[in-house]
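>>> Have a look at this fold, sequence not included:
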């Protein structure tokens, strides 16, 4: 059986993921820092109850997602700073088309909070559908339908933006 890493090791390994998920879900760096701190405090209090090292990432993503959802509900979907104004921690900027990346980030940032969270878990955190279902405590089919709707919203936004650009060129 794998040994459970010490708390400092866990924080070093997972803090960028927890903060990034909170930041992109809430669009508020101060709130993301608070959520991150709260999540790691909860981890420290529950570390002995976790099943093992492989369970830690899942537990952190789940708790972070739920804390973000609670915060979003508490705020009534109030907007924080725009996503494009905040640097993305823990990720290198290796994209070949920075303008496309910026537009996509803006469109994701403009999604309703639940859809935005679904996109972030799937594509930023690269979670499988079953893992997202466990994190959010919903059936896999619900994850599929929510992700499908979120992607549909993105397609609509892209279509409207493409139409506006085409019209402006005419």
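Yep, it's here. The shown structure was predicted, so the numbers you read here are calculated from the model rather than taken from an experiment.
>>> what's the neighbour count on residue 117?
Using other CB atoms under 10 Å, residue 117 is surrounded by 25 other residues. In short, each C-beta sits where N, CA and C put it, glycine included.
>>> centre of the chain versus the helix or strand of the chain with the lowest mean pLDDT, how much separation?
The weakest-scoring helix or strand in the chain, judged by mean pLDDT, DSSP states H and E, is helix 98-109 (a mean of 81). From the chain centre to the centre of helix 98-109 is a distance of 15 Å (CA atoms, centre = their mean, to the nearest Å).
>>> go on, stretch 114-132?
Per CA atoms, centre = their mean, the displacement of stretch 114-132 from the mean C-alpha position of its chain is 7 Å.
>>> Wait, residue 23 touches residue 29, no?
Yes - with contact defined as CB atoms under 8 Å, residue 23 reaches residue 29; the gap is 6.1 Å.
>>> Show me which of those two is the more surrounded one.
residue 23 (25 against 17).
>>> so the more buried one, which of the three states?
helix (DSSP: H, G, I helix; E, B strand; the rest coil).
>>> Please name the nearest non-neighbouring residue to it.
In space, and not counting its chain neighbours, residue 23 is closest to residue 32: 3.9 Å by CB to CB, 6 or more residues apart in numbering.
>>> What distance do you get for that neighbour to residue 66?
Distance from residue 32 to residue 66, counting by CB to CB, to the nearest Å: 15 Å.
>>> The nearest residue to residue 47 once chain neighbours are set aside: what's it in contact with?
In this structure, residue 47 finds its nearest non-sequential neighbour in residue 7, 6.4 Å apart by CB to CB, 6+ apart. Shown in contact with residue 7 (CB atoms under 8 Å, 6 or more residues apart in numbering): 43-44, 47.
>>> cool, residue 168 as well?
If a contact means CB under 8 Å, 6+ apart, then residue 168 has no contacts.
>>> go on, residue 108?
Residues near residue 108 by CB under 8 Å, 6+ apart: 24, 83, 116, 119-120, 154.
>>> Distance check, it against residue 153.
10 Å.
>>> before we move on, what about residue 61?
Per CB to CB, residue 61 is found 22 Å from residue 153.
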